[in-house]
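Student: just a sequence and a predicted model for now, questions to come.
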Amino acid sequence: MRIVITGGAGFLGSNLCDRLLNMGHHVTCLDNLITGSVDNISHLMGNERFRFLKHDVTEYMFIGEPVDAVLHFASPASPRDYLELPIQTLKVGALGTHKTLGLAKAKRSRFLLASTSETYGDPLVNPQPETYWGNVNPIGLRGVYDEAKRFAEALVMAYHRTHGVDTRIVRIFNTYGPRMRPHDGRVVSNFIVQALEDQPLTVYGTGKQTRSFCYVDDEVDGIVRLLVAGDSEDIHHPVNIGNPHELMVEEIARKIIELTSSRSRILYEALPEDDPRVRRPDISRAERLLGWSPRVSLEEGLGKTIEYFRLRLAHSS
Ligand code: UDP
């Protein structure tokens, strides 16, 4: 397939580029590099099936040749990033989704939207099935991301229903692994960097809030399965891809201290506004439709991620 991926220089996007190229596909990666980095794709630059275009996908994009699939992964996605870039986050979810859907329609290609567990907001049911409509504060600080993605999902379904575009929507839950930025503010990267530097681990609130962490290889595997799955009426509705192993934030802090043999202690800080109290995917739809479930244990995934950060911090010091 000839695949266009937006946000292809980001954490998930670049891991997807690797996987798609390994499968033999041609990949055009678009990124404006506001949160992505060429460091994530520099190893692909010599590959003749890979091309990078620095482009803001909220603007019209011209691709001359045929395209078989468009993957829209561009967006600030860490809470720290979308709080700092609220308007860009809304624009890439709204205008960027419109432009990329327009490209898919013009090229008669398949379309896959990277959506998020944030569409469920601060959920009142746990775990969250795709049929849950969510509990989102539209005007809160996090609303810029949640509502951008909810609008994006609505637009994707409208293009599917109105123009017959073959669309798919993945709702991505917390994902971690190599190529996360050390200072993107997310919990796993923060805690690992803090533990490796023997700094206190900053737990927000009581630390009793829960998240469920999926290793990036598992996440990419689920996304690719959704992309290549055969057409059926059911495939166009959102699919949760994440790991259902639910932990309290305090537990993840302790686990990372243990795995890094760190001398760090835990420091409790204020809880950010609208921070979801629980999050855990119901993945029965992914299991049934795609035969997918995560394989990598938390210990194994954290071990690889800690190694990555150890090397990265050693290089930058
Ligand atoms: N968190 C924390 N300490 C940190 C960073 C995050 O306690 O240094 C908490 C945050 O309040 C949230 C959870 O960890 O409850 C996950 O935060 P993250 O920013 O990774 O993403 P989210 O799941 O909230 O989108």
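Tutor: Structure received. Computed from a predicted model, the values in this text were never measured in an experiment.
Student: residue contacts, Val305?
Tutor: Actually, residue 305 is Thr rather than Val. Tyr176, Gly177, Pro178, Met180, Val188, Ile192, Tyr215 (Cβ atoms under 8 Å, 6 or more residues apart in numbering). Glycine gets a C-beta too; all of them are placed from N, C-alpha and C.
Student: ok, of these, which one's closest to the ligand?
Tutor: Val188 (6.6 Å; Cβ to the nearest ligand atom).
Student: now do the contacts for the closest residue to the closest one other than its chain neighbours.
Tutor: Of all residues not flanking Val188 in the chain, Tyr176 sits nearest, at 4.1 Å (Cβ to Cβ, 6 or more residues apart in numbering). Going by Cβ under 8 Å, 6+ apart, Tyr176 touches Arg186, Val188, Ser189, Phe213, Cys214, Tyr215, Val216, Gly301, Leu302, Thr305.
Student: take those and keep only those in helices.
Tutor: Residues of the contacts of Tyr176 located in helices (DSSP state H): Val188, Ser189, Val216, Gly301, Leu302, Thr305.
Student: quick check: of those residues, which lies closest to the ligand?
Tutor: Distances from the ligand to the ones in helices among the contacts of Tyr176, taken by Cβ to the nearest ligand atom, are shortest for Val188, at 6.6 Å.
Student: could you report the neighbour count for the closest one?
Tutor: Neighbours of Val188 under the rule other Cβ atoms under 10 Å: 22.
Student: can you check the pLDDT for it?
Tutor: At Val188, the model reports a pLDDT of 98.
Student: the contacts of Thr305 into TSV, with extra columns for secondary structure and distance to the ligand?
Tutor: Formatted as TSV, those follow (DSSP: H, G, I helix; E, B strand; the rest coil; distance: Cβ to the nearest ligand atom, whole Å):
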residue	secondary structure	distance to the ligand
Tyr176	strand	8
Gly177	coil	13
Pro178	coil	16
Met180	coil	10
Val188	helix	7
Ile192	helix	10
Tyr215	strand	15
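Student: just to revisit the earlier point, would you reformat the contacts of Tyr176 as CSV and include distance to Arg265?
Tutor: Shown next, in CSV, are the contacts of Tyr176 (distance: Cβ to Cβ, whole Å):
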residue, distance to Arg265
Arg186, 21
Val188, 18
Ser189, 19
Phe213, 22
Cys214, 28
Tyr215, 27
Val216, 29
Gly301, 24
Leu302, 19
Thr305, 21
